[in-house]
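Enquirer: Starting from these lines, generate the structure:
(one chain, ligands or ions: 2)
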Amino acid sequence: MSEHKEEDETLDEVEVSSFKEVWHQVAGHKDHGSTPGFLMGPNGRLYKNISHDARGEKEECFYKKVFSDEKFTRFRDFIPTYYKTILYQNVRFMALSDACYGFKVPCGSDIKVGSVDYNSQDSSTKQEVHKKKVLGIAPILGFRFAGANVYNATDKTVQKLDKGWGLSFTVENAAKKTEEYFNDKKTIRRDVLPSLIRQLTDLLEYYTQQKLFWLCRSSLLVVYDGLTPEKGTVKMIDFAHNTTQENPSDNTYVEIGLRNLIDILSHIHRGQTAEWKYDT
Ligand SMILES: Nc1ncnc2c1ncn2[C@@H]1O[C@H](COP(=O)(O)OP(=O)(O)OP(=O)(O)O)[C@@H](O)[C@H]1O
Ligand SMILES: O=P(O)(O)O[C@@H]1[C@H](O)[C@H](O)[C@@H](OP(=O)(O)O)[C@H](OP(=O)(O)O)[C@H]1O
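Expert: Ligands and ions are numbered 1, 2, ... in the order given. From the prediction side, this is the model:
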């Protein structure tokens, strides 16, 4: 459990009284023991609990670095905005922009990117856990869905596609499975794809040319609106395991995932899901 810091801000009554449970959370820790993993605040802010262990503090350091060092200016476009760290009921939370803010029905998916799920900074036990874990096709495709929310336009409900769904992907069915995330039971939401593909392509271009950091176990948070045509956003989240560049080939792990995801989304957009083949 990390100590609170002098610069942590306490919140006023108005801000605290507007805290709500995060109903659109897709994956990740819902809580850390008796404290919530996330809280939803006013004005499109999301508060992430960083008091649980060293991972929280490491992620906070990364956000603080990105939002203070101008070398990272371009990267800021691809991640939630970090505002401040606050202390609430003796627990530290980072105040971030909520990627789902302004969406009528946010259909979010949490896509872990990278063909490896551990790095040299993980303890040997953690490395072993991740090596042994059955992660389906992630090592081949470079991405896996940790979960997704999809709007069902027929009965007007939001359906959860869980971790089991993400692990049921194979190299043969990956495009068809990904398409399920865009299927609202009336139509395949191809209208949202050009914007999502463009944002992913921009991120890929940035990530492959930068030499500042390497991400491990980070996710793409892809969100489109279940009700509004063409509305979608992509943000990279979860930075507890970033490292500075150790080996020039390390960034290719994430690059592979981004390339394959963009390729699959492009096939879905063209209505060519059946033709998609893993390009070895
Ligand atoms: N800035 C954000 N805007 C909207 N939703 C977010 C944001 N950050 C996180 N979330 C939601 O919370 C979920 C978990 O986020 P995150 O991966 O940061 O948490 P975590 O507990 O560190 O995850 P893990 O268990 O994978 O380490 C995401 O899948 C997403 O639904
Ligand atoms: O996606 P899955 O299969 O649920 O696996 C989890 C995922 O790899 C998280 O990224 C990881 O948290 P960190 O990245 O913060 O280490 C968590 O570790 P944990 O169980 O030790 O929290 C894993 O259980």
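Enquirer: After the lowest-mean-pLDDT helix or strand in the chain, which helix or strand is next?
Expert: Among the helices and strands of the chain, helix 13-17 carries the lowest confidence by mean pLDDT, DSSP states H and E, at a mean of 69. As assigned by DSSP states H and E, the chain's next helix or strand after helix 13-17 is strand 31-32.
Enquirer: Which residue is the nearest non-sequential neighbour of whichever residue of the chain sits closest to ligand 2?
Expert: Relative to ligand 2, the nearest point of the chain is residue 217 (4.0 Å; Cβ to the nearest ligand atom). For every residue, glycine as well, the C-beta is placed using N, CA and C. The shortest distance from residue 217 to any non-neighbouring residue, by Cβ to Cβ, 6 or more residues apart in numbering, is to residue 241 (4.9 Å).
Enquirer: Please determine how far that neighbour is located from residue 214.
Expert: 9 Å (Cβ to Cβ, to the nearest Å).
Enquirer: Residue 104: how many residues sit nearby?
Expert: The number of residues packed near residue 104 is 10, by other Cβ atoms under 10 Å.
Enquirer: Comparing residue 241 and residue 214, which shows the higher neighbour count?
Expert: Using other Cβ under 10 Å, the more surrounded residue of residue 241 and residue 214 is residue 214, with 24 against 21.
Enquirer: between residue 241 and residue 214, what contacts are shared?
Expert: Jointly contacting residue 241 and residue 214 under the rule Cβ atoms under 8 Å, 6 or more residues apart in numbering are residue 119.
Enquirer: what about residue 224, helix or strand, and which?
Expert: In this structure, residue 224 sits in strand 219-225 according to DSSP H and E.
Enquirer: I'd like the average pLDDT over that strand.
Expert: Here strand 219-225 scores 98 as its mean pLDDT.
Enquirer: and that strand with ligand 2, contact?
Expert: No - Strand 219-225 is not in contact with ligand 2 by Cβ under 6 Å from any ligand atom; minimum separation 8.0 Å.
Enquirer: And that strand, how far out from the chain middle?
Expert: Its chain's C-alpha centre and that of strand 219-225 lie 7 Å apart, by Cα atoms, centre = their mean, to the nearest Å.
Enquirer: do it and ligand 1 meet at all?
Expert: Yes - with Cβ under 6 Å from any ligand atom as the measure, strand 219-225 is seen reaching ligand 1 through 219, 221.
Enquirer: One more: stretch 46-58?
Expert: Yes - with Cβ under 6 Å from any ligand atom as the measure, stretch 46-58 is seen reaching ligand 1 through residue 46.
Enquirer: Any idea how far apart the tips of that stretch sit?
Expert: End-to-end span of stretch 46-58 (Cα to Cα, to the nearest Å): 18 Å.
Enquirer: can you pull the buried residues of that stretch?
Expert: Neighbour counts over stretch 46-58 (16 or more other Cβ atoms under 10 Å) mark 46-52, 55-58 as buried.
Enquirer: State the mean pLDDT of it.
Expert: Regarding stretch 46-58, the rounded mean pLDDT is 93.
Enquirer: Just confirm residue 234 is within a strand.
Expert: Yes - checked against DSSP: H, G, I helix; E, B strand; the rest coil, residue 234 lies within a strand.
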